[in-house]
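Asker: structure for the following, please:
(chains A and B)
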Amino acid sequence: MLNCKELTHKIASDRLPDAGPWERFTARLHLLMCSYCRRYERQLRDISSTARQLGTDSSQDRSRVERLERQILDTLSNGTKDPVDRQ
Amino acid sequence: MAISMDDPQLAVRIRAKDPETLQGIVETYLGQIFRSARGAGLNPEQAEEVTQATFTIFIEQASRFEGRSHVRTWLFGILYNKISEERRRLGREQRMDDIEEVVEQRFNASGRWVNPPQPVDDQLHASEIRGLFEDCLLAVPTQQRMAFVLREVENLSSDETCKILDVTATNLGVLMYRVRNRLRECLEAKGVNKEP
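Answerer: Model prediction:
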């Protein structure tokens, strides 16, 4: 069975899903018995969900994106007919 | 305008610099590229600059697009190179990464916790945690941060993330291990995790 250090290492490097069925089973067992590893795993999950929120709630950036999009689309409609490939 | 990013003819139209196709790509991915640049720790102005540079390079080099990888993968690859270039130019890149030693010290010789993770302080509001989180993310080296943003924020597959960062699956595992531990350690040091 994996010790705490090995288990948390596998969790943090996304290697648990690819482990064999026996290792996955003992990993689950370990997490059931070990509150520190459980806490560690939980905290990594919280970090993921905080990260996902960062991606969604940037409303003040929206006007920037729209402006930038218009800018690029403008240069696109002026520039792509030029067949010369600038380096 | 709806253009399919999985259309087999897409690469041909990109190479021909078909205006409608390029426009569709800009409309589909610009927001995502900008958001990732922000997630990678750039301020709004820098993110705007780097997003613009990414699409300019994309349009300039469109005639060389071979279609061997997804157009999104290609765009993210350009973005990643631009961000790394910028960081190197500013001399912001740390050479040393001591996170492995920091984690090592939390365990004894038989791999048990001697310095276990502290419980999260439930008095803290989500918005406070978010602020601290952004500070912590800024301290992470670019490659790790980008790996984190692509996998955790943008939800890209490991395969695609590996292609964008030009690393093996094993390397990506190491990057994820480091960035997650760095963030966890940093949040704990900032008092997000606290003994009650």
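
Asker: mind showing which ranges of chain A have poor pLDDT?
Answerer: Low-confidence segments of chain A (pLDDT under 70): A:55-60, A:79-87.

Asker: in it, which spans are helices?
Answerer: According to DSSP state H, chain A carries its helices in the segments A:4-12, A:21-33, A:35-56, A:62-79.

Asker: got those helices as JSON lines, with mean neighbour count columns?
Answerer: Where C-beta positions appear, they are placed from N, C-alpha and C, glycine not excepted. Below are the helices of chain A laid out as JSON lines (neighbours: other C-beta atoms under 10 Å in any protein chain shown):
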{"stretch": "helix A:4-12", "mean neighbour count": "21"}
{"stretch": "helix A:21-33", "mean neighbour count": "13"}
{"stretch": "helix A:35-56", "mean neighbour count": "17"}
{"stretch": "helix A:62-79", "mean neighbour count": "14"}
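
Asker: can you put those helices in a markdown table and add distance to B:Glu85?
Answerer: Formatted as a markdown table, those follow (distance: least, C-beta to C-beta, whole Å):
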| stretch | distance to B:Glu85 |
| --- | --- |
| helix A:4-12 | 29 |
| helix A:21-33 | 40 |
| helix A:35-56 | 24 |
| helix A:62-79 | 20 |
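
Asker: of these, give the one that comes closest to B:Thr54.
Answerer: Proximity to B:Thr54 (C-beta to C-beta) singles out helix A:62-79 among the helices of chain A, at 9.8 Å.

Asker: count of neighbours near B:Arg38?
Answerer: For B:Arg38, the count of nearby residues is 24 (other C-beta atoms under 10 Å in any protein chain shown).

Asker: now do the same for it: its pLDDT.
Answerer: B:Arg38 carries a pLDDT value of 86.

Asker: what about it, distance to A:Leu54?
Answerer: From B:Arg38 across to A:Leu54, the span is 8 Å (C-beta to C-beta, to the nearest Å).

Asker: could you check which residue of chain B lies nearest chain A?
Answerer: Closest to chain A within chain B is B:Gly111: 3.2 Å, counting by C-beta to the nearest C-beta.

Asker: helix, strand, or coil at that residue?
Answerer: coil (DSSP: H, G, I helix; E, B strand; the rest coil).

Asker: list the residues that contact it.
Answerer: A:Asn3, A:Cys4, A:Lys5, A:Glu6 (C-beta atoms under 8 Å, 6 or more residues apart in numbering or on different chains).

Asker: can you check B:Asp122 too?
Answerer: Neighbours of B:Asp122 in contact, by C-beta under 8 Å, 6+ apart: none.

Asker: list phi and psi for it.
Answerer: phi -80, psi 10 (degrees, to the nearest 10).

Asker: and the residue of chain A nearest chain B?
Answerer: For chain A, C-beta to the nearest C-beta, closest residue to chain B: A:Asn3, 3.2 Å.

Asker: does that residue touch B:Ser110 like I think?
Answerer: Yes: with contacts counted by C-beta atoms under 8 Å, A:Asn3 reaches B:Ser110, the gap being 6.4 Å.
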